[in-house]
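Participant: let me see the structure of the following:
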Amino acid sequence: MTRMKEIPNFQADHHLLRILNASSNKRLHYVAVEGLVQAIGEPISSQFVPRRHGVIQKITKCAHPKSCCEFDLSSTFQEIPNFQADHHLLRILNASSNKRLHYVAVEGLVQAIGEPISSQFVPRRHGVIQKITVHEHWKYWNSALKTWVSKKVNKQQTTNTVPFSLVQPGAYISEVSVRVDSPLEASGDYLEQVHKRLRQAKEGLMDAVVGELSGEKPVALEEREELLHVGSALTAFGELVLEQDKIMRLQPPKDGRSYVLIPGDYKSFIQRRENSANMWKGLTALFGITGFALVAGFIHGAANQDKKN
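Facilitator: So this is what the prediction gives:
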């Protein structure tokens, strides 16, 4: 195989043209040519990202869309166009083909369309998504270990939602908003826990006797409430469509990519991901150095032992 340093390299300029004209058969059999890519005619427009053009396009469909798209979101999130729910986004959507942006991030403040949901346990707390979870804590006698084992059983979960939209932070009159459709289909840890209580079971003498004989007894009842608050910052990843030239709707993408709701704004989300990536890089380097030191110490100790023998 020819070594790379031996391959002639040129820029795409007049100097290369003169060399090619002077060569036999107007041909150079193996060279390296560098330059900027330019389409001959109309370039290819990206199917998913506005104002992105190329000369080669490759679209991959995943056999398992969810896992593939989660990887796409975590590894290339900085390439996803991000907008605020404002007039600028409305103008872009109006100018786009089919009044549609296939995959974008939209950030804004949560605003209920109509009456919000009131917290069941915390006064003056309102939201647009409410999840109430109830668990029973029981103890079961483990005859093999000769001890009582705790378990959570009979999980009951209730989820309530009202329609909501994202509005621009600082906007006193929300003339422009982005309605978020089917939020329960989205992934993401966007609910905040506002209430958690553990109610201890009251056990009388008869209950204690029955529990000892049956090998099971109630311990406590745990209740938890989570809310997506009105006024909280939220970033949503999905497909954006325009209806009637003024109503913007964010919905689950039709191409199988992840529909995600993230608490906070887009900039904070990027910073958290970068901090997490840097932390894992640091831990990987630390464990690598530690592992190398242990192996080196082991080899050194073994060598010294051989010398003594």
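Participant: tell me the pLDDT of His88.
Facilitator: If you check His88, the pLDDT there is 90.
Participant: buried ones in the strand or helix carrying it?
Facilitator: Applying DSSP states H and E as the criterion places His88 in helix 87-95. Buried residues in helix 87-95, defined by neighbour count with 16 or more other C-beta atoms under 10 Å: Leu89, Leu90, Ile92, Leu93. Every residue, glycine included, has its C-beta placed from N, CA and C.
Participant: now the helices for the stretch 151-300 of the chain?
Facilitator: Using DSSP state H, counting those that start in this stretch, the helices found in the stretch 151-300 of the chain span residues 205-214, 266-308.
Participant: weakest of those helices in terms of mean pLDDT?
Facilitator: Across these, helix 205-214 gives the lowest mean pLDDT, at a mean of 55.
Participant: could you give me the buried positions within the lengthiest strand in the chain?
Facilitator: Determined from DSSP state E, the single longest strand within the chain is strand 126-142. Neighbour-count burial for strand 126-142 flags 126-133, 135-139, 141 (criterion: 16+ other C-beta under 10 Å).
Participant: what's the closest of these to Glu225?
Facilitator: For the buried residues of strand 126-142, the closest approach to Glu225 (C-beta to C-beta) belongs to Ile132, at 5.2 Å.
Participant: name the nearest residue to the closest one, ignoring sequence neighbours.
Facilitator: Sequence neighbours aside, Thr158 is the residue nearest to Ile132 in space, at 4.7 Å (criterion: C-beta to C-beta, 6 or more residues apart in numbering).
Participant: can you count the residues close to that neighbour?
Facilitator: Thr158: 11 surrounding residues under other C-beta atoms under 10 Å.
Participant: report the contact partners of it.
Facilitator: The contact partners of Thr158, by C-beta atoms under 8 Å, 6 or more residues apart in numbering, come to Lys131, Ile132, Thr133.
Participant: mind showing which ranges of the stretch 1-150 of the chain have poor pLDDT?
Facilitator: 1-6, 24, 47-51, 59-78 (pLDDT under 70).
Participant: what segments of it are helices?
Facilitator: Secondary structure of the stretch 1-150 of the chain (DSSP H, counting those that start in this stretch): helices located at 14-22, 65-75, 87-95.
Participant: got the contact list for the first one?
Facilitator: Outside of helix 14-22, the residues that reach it under the criterion C-beta under 8 Å, 6+ apart are Phe10, Lys26, Arg27, Leu28, Val33.
Participant: swap the cut-off to 6 Å and go again
Facilitator: With C-beta atoms under 6 Å, 6 or more residues apart in numbering as the test, helix 14-22 has contacts from Phe10.
Participant: now do the buried residues in it.
Facilitator: Residues Leu16 are the ones in helix 14-22 that count as buried (16+ other C-beta under 10 Å).
Participant: circling back to that earlier point, what is the longest strand of the chain packed up against?
Facilitator: In terms of contacts (3 or more C-beta pairs under 6 Å, 6 or more residues apart in numbering; DSSP states H and E), strand 126-142 is packed against strand 117-118, strand 147-161, strand 216-229.
Participant: C-alpha coordinates for it, PDB please?
Facilitator: The C-alpha coordinates for strand 126-142 follow below in PDB (Å, rounded to 0.1, in the frame of the first residue of the first chain):
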ATOM      1  CA  HIS A 126     -51.500  24.700  40.100                       C
ATOM      2  CA  GLY A 127     -50.300  22.700  37.100                       C
ATOM      3  CA  VAL A 128     -51.300  21.200  33.800                       C
ATOM      4  CA  ILE A 129     -50.200  17.600  34.400                       C
ATOM      5  CA  GLN A 130     -50.800  15.900  37.800                       C
ATOM      6  CA  LYS A 131     -49.800  12.500  38.800                       C
ATOM      7  CA  ILE A 132     -50.900  10.900  42.100                       C
ATOM      8  CA  THR A 133     -49.300   7.600  43.100                       C
ATOM      9  CA  VAL A 134     -50.300   5.500  46.100                       C
ATOM     10  CA  HIS A 135     -48.300   2.500  47.400                       C
ATOM     11  CA  GLU A 136     -49.100   0.100  50.200                       C
ATOM     12  CA  HIS A 137     -46.100  -1.000  52.300                       C
ATOM     13  CA  TRP A 138     -46.400  -4.600  53.700                       C
ATOM     14  CA  LYS A 139     -44.200  -6.900  55.600                       C
ATOM     15  CA  TYR A 140     -44.000 -10.600  54.700                       C
ATOM     16  CA  TRP A 141     -42.400 -13.300  56.800                       C
ATOM     17  CA  ASN A 142     -39.500 -15.000  55.000                       C
END
